[in-house]
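Trainee: The following comprises the amino acid sequence and a computationally predicted model.
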Amino acid sequence: MKIVHLTNSDYKGGAARACYRIHKSLQMLGEDSKILTQQKVTNDDSVFSISGSFSENVFTTFRKGFDWLAIQTLTKQERGRFTFPYFGTDISKNELIQNADIISLQWINEGFLSLNSLKKLKSLDKPIVWTCHDMWAFTGGCHYAGDCDKYLSECKNCPSLKISSKKDFSNKTFNAKKDLYNSMNLSIITCSNWLAGEVTKSELLKNKVVQVIPNPIETDIYIQYDKNVVRKKLNLPEDKFLILFVSMTVKDERKGFSYLKSGLKKLFEINKQNNIELVVLGAAEESLIHDLPFKTNLLGRLNEAIEIAE
């Protein structure tokens with residue numbers, strides 16, 4: 001069975017890495033799996049880029065630029081990521097797509113695939129499986145709805161847009177997706193029961209088949225390492241109780257650093273001994289950690305799997 005995964009990048013970002021792990025897992029099972037991306041990072045021969053020629057690279061840069069400009073100009077970024085589905089390229093004639101038995105959609109934003117791109121893929125009459133790494137597939141544009149539940153009926157008056165109305169961009173996107181999905185041979189995969197529940201409640205995808213498949217992980221890398229050896233390597237104290245917080249960026253409200261902060265202050269009230277320290281893996285701003293009651297060790301962002309596993 002020939003499977004082609006479509007993703008903005010093959011290894012840059014959490015969703016991209018999840019896609020790459022899915023791809024390699026399928027290969028281990030003997031499937032003919034390939035990735036088609038607009039931003040290739042790995043040297044993997046089974047990963048193919050839509051860019052290559054000078055003109056293709058220019059078009060990719062322009063698409064990503066327009067996508068970024070729209071986000072910066074039209075959205076309230078403090079509410080989280082909101083992506084418009086209008087910037088993308090037609091890959092329906094690509095050889096990998098033409099030869100595929102199954103088309104696997106992964107994270108397709110940042111100017112990679114638009115709704116028009118998806119219409120072209122739909123016209124090929126091939127089964128399409130969409131692995132949802134967030135909520136974008138079934139909202140009017142936000143990747144996480146937060147306290148908004150309009151995706152359950154119809155997106156409009158969007159709280160993530162600077163200018164919102166009954167017929168705003170979220171409403172136009174919502175209805176365009178609805179028209180597209182209604183006649184699309186589409187199945188949904190999520191990595192969690194929670195996200196599957198949101199899919200089945202959503203107006204856009206409630207009638208589609210949904211399957212929960214946890215993301216695979218490299219079991220030869222994510223193993224237990226010698227604690228003292230790793231602590232020495234990272235210049236962490238060997239005699240302290242360490243609490244680890246991991247997020248690509250600490251300021252992302254969804255990752256819950258504010259709850260950890262509150263919990264640490266309560267912990268300090270009952271344990272004022274100098275035997276606890278915090279370790280943060282990810283981008284952290286000084287303003288967010290300066291008033292923590294325990295010493296904080298910042299590791300910054302780590303990109304290599306072996307470093308993260310340690």
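Mentor: Perfect, thanks for sending it. Quick caveat: nothing in here was measured; it's all calculated off a predicted structure.
Trainee: contacts, neighbours, all on C-alpha from now
Mentor: Will do.
Trainee: Go ahead and measure how far the helix or strand of the chain with the lowest mean pLDDT is from the middle of the chain.
Mentor: Here the helix or strand of the chain ranked lowest by mean pLDDT, DSSP states H and E is helix 286-289, holding a mean of 77. Put simply, helix 286-289 sits 25 Å off its chain's centre (Cα atoms, centre = their mean, to the nearest Å).
Trainee: Which secondary structure state is assigned to Ile108?
Mentor: When classified by DSSP: H, G, I helix; E, B strand; the rest coil, Ile108 comes out as coil.
Trainee: Near it, how many other residues are there?
Mentor: 20 (other Cα atoms under 10 Å).
Trainee: Tell me if I'm right that it and Asp10 touch.
Mentor: No - assessed by Cα atoms under 8 Å, Ile108 is found out of contact with Asp10, at 11.1 Å.
Trainee: What does the pLDDT read for Thr61?
Mentor: Looking at Thr61, its pLDDT is 84.
Trainee: ugh, typo on my part, it should be Lys272
Mentor: Here, the pLDDT recorded for Lys272 equals 76.
Trainee: how close does the residue lying farthest from the centre of the chain get to Leu267?
Mentor: In terms of distance from the mean C-alpha position of the chain, Gln273 ranks first, at 39.3 Å (Cα atoms, centre = their mean). For Gln273, the distance to Leu267 equals 11 Å [Cα to Cα, to the nearest Å].
Trainee: And Arg81, by the same measure?
Mentor: Distance, Arg81 to Leu267, by Cα to Cα: 33 Å.
Trainee: Same check on Asn193?
Mentor: If you measure Asn193 against Leu267 using Cα to Cα, the figure is 31 Å.
Trainee: buried set for the lengthiest helix in the chain?
Mentor: What stands out as the longest helix in the chain, according to DSSP state H, is helix 54-74. Of the residues in helix 54-74, Thr60, Arg63, Lys64, Asp67, Ile71, Leu74 count as buried by neighbour count, 16 or more other Cα atoms under 10 Å.
Trainee: Point me to the helix or strand that includes the closest residue in space to Asp90 that isn't next to it in sequence.
Mentor: Closest residue to Asp90 apart from its sequence neighbours, by Cα to Cα, 6 or more residues apart in numbering: Ser117 at 5.0 Å. Using DSSP states H and E, Ser117 sits in helix 115-122.
Trainee: next structured bit after the least confident helix or strand of the chain?
Mentor: Going down the chain from helix 286-289, the next helix or strand is strand 295-300, by DSSP H and E.
Trainee: Quick one: list the elements packing against that next one.
Mentor: Applying 3 or more Cα pairs under 8 Å, 6 or more residues apart in numbering; DSSP states H and E, we find strand 295-300 packed against strand 276-283.
Trainee: And for the strand it packs on, what's in contact with it?
Mentor: Residues outside strand 276-283 that contact it (Cα atoms under 8 Å, 6 or more residues apart in numbering) are 240-250, 294-302.
Trainee: Apply 6 Å and report the result again.
Mentor: Residues outside strand 276-283 that contact it (Cα atoms under 6 Å, 6 or more residues apart in numbering): 240-249, 294-301.
Trainee: What of stretch 1-8?
Mentor: The contact list for stretch 1-8, computed with Cα under 6 Å, 6+ apart, reads 32-38, 100-108, 112.
Trainee: still on that earlier bit, return the distance of the longest helix of the chain from the chain's centre.
Mentor: Relative to its chain's centre, helix 54-74 lies at 19 Å (Cα atoms, centre = their mean).
Trainee: and the helix or strand that comes right after that helix, which residues are buried?
Mentor: Using DSSP H and E, the helix or strand that follows helix 54-74 towards the C-terminus is helix 95-99. Within helix 95-99, the residues that count as buried by 16+ other Cα under 10 Å are Leu96, Ile97.
Trainee: Walk me through which strands whichever helix or strand comes after helix 95-99 pairs with, and which way each runs.
Mentor: Reading on from helix 95-99 to the C-terminus, the next helix or strand found by DSSP H and E is strand 102-105. If you go by DSSP bridges, strand 102-105 pairs up with strand 2-9 (parallel), strand 128-132 (parallel).
Trainee: and among those, the most buried is which?
Mentor: Neighbour counts (mean count of other Cα atoms under 10 Å) averaged over each of these peak at strand 2-9, with a mean of 24.
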